[in-house]
Structure formats: structure tokens, C-alpha cells
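Asker: Okay, sequence plus prediction incoming.
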Amino acid sequence: QVQLVESGGGLVQAGGSLRLSCAASGRPFSSYAMGWFRQAPGKEREFVVAIKWSGASTSYADSVKGRFTISRDNAKNTVYLQMNSLKLEDTAVYYCAAARYGSSWYSPTPAAWDYWGQGTQVTVSS
């Protein structure tokens, strides 16, 4: 059974930093993309970033480019999201997700992802 467990969310002031972690278990992930999505109250879940399990490719939403960095530690089966220069609009529940490679190595559409974590709240205050 695949499990994705996020941690690291919390309350931070605007301009501050947080690092989220996603521990993956239950199967080999070498043929999977790993990603982060977020969902703010009253809004749809949106793509944030994706990474190939090998780390060879990444893709970021325009809204977080230059501020967020995704990385992974294959030995620990863990994916990280370093979030710097946080803005009020980054406030959301952040979800870790995994998707088997398809015709393209990832999709920004939530429905295309196979597994999800339970989410971790990130709140940015002024």
C-alpha cells in the first residue's frame, strides 16, 4: 500500500521560509514523478512543482519559480519542498503526490496523479 506522509507545515511570516517533507513508502518509485500541489480555501487544487524520481527533471508553476525548490533523497524515499520568500498568497494546504510516468513525465492536472498524502497546512501571515 502506497503511503505519502507530509510534514513541515506551519505558521510563518511573509518573507520567511519553510521546508516541507514527503516520506513515500509502499512500492518502488523509480518510475514515478513526485509533486506538490496546494489548495487554498474556496479554490481548486493547483500544481506547484514536480520532479522525476531520478531528479533529472523538474517543473515549477510560474507563481513559485525562483522561490521554491524541490529535491529528493532517494535513500530516504523522501521528497522536500524548500519554500523561501513566502507570500500571503502561498497560504494553503500543501499535498504531496505521486504519478506513474505517462506520455509525458508529469501532468499539472491533479486528476492525473495516482497517490496523495493527507496534506499539511502552510499559513503565511503579514
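Answerer: That came through, no problem. Numbers count the residues shown, from 1 in each chain.

Asker: number of nearby residues for Ala97?
Answerer: When counting by other CB atoms under 10 Å, one arrives at 25 neighbours for Ala97. Where C-beta positions appear, they are placed from N, C-alpha and C, glycine not excepted.

Asker: Provide the secondary structure category for it.
Answerer: strand (DSSP: H, G, I helix; E, B strand; the rest coil).

Asker: Was I right to think it contacts Trp113?
Answerer: Yes. At 4.1 Å, Ala97 counts as touching Trp113 under the criterion of CB atoms under 8 Å.

Asker: shared neighbours of those two, which are they?
Answerer: Residues touching both Ala97 and Trp113 (CB atoms under 8 Å, 6 or more residues apart in numbering) are 35, 37.

Asker: which ones are touching the residue nearest in space to the middle of the chain?
Answerer: Among the residues of the chain, the one closest to the centroid is Trp36, at 1.8 Å (CA atoms, centre = their mean). Contacts of Trp36 were listed using CB under 8 Å, 6+ apart, and they are 20, 22, 48-50, 70, 79, 81, 94-97.

Asker: Of those residues - the most surrounded one?
Answerer: Neighbour counts for these peak at Val79, which has 29 neighbours (criterion: other CB under 10 Å).

Asker: Count the residues that sit near Ser25.
Answerer: Around Ser25 there are 12 residues (other CB under 10 Å).

Asker: tell me the contacts of it?
Answerer: Residues near Ser25 by CB under 8 Å, 6+ apart: 2-3, 5, 77.
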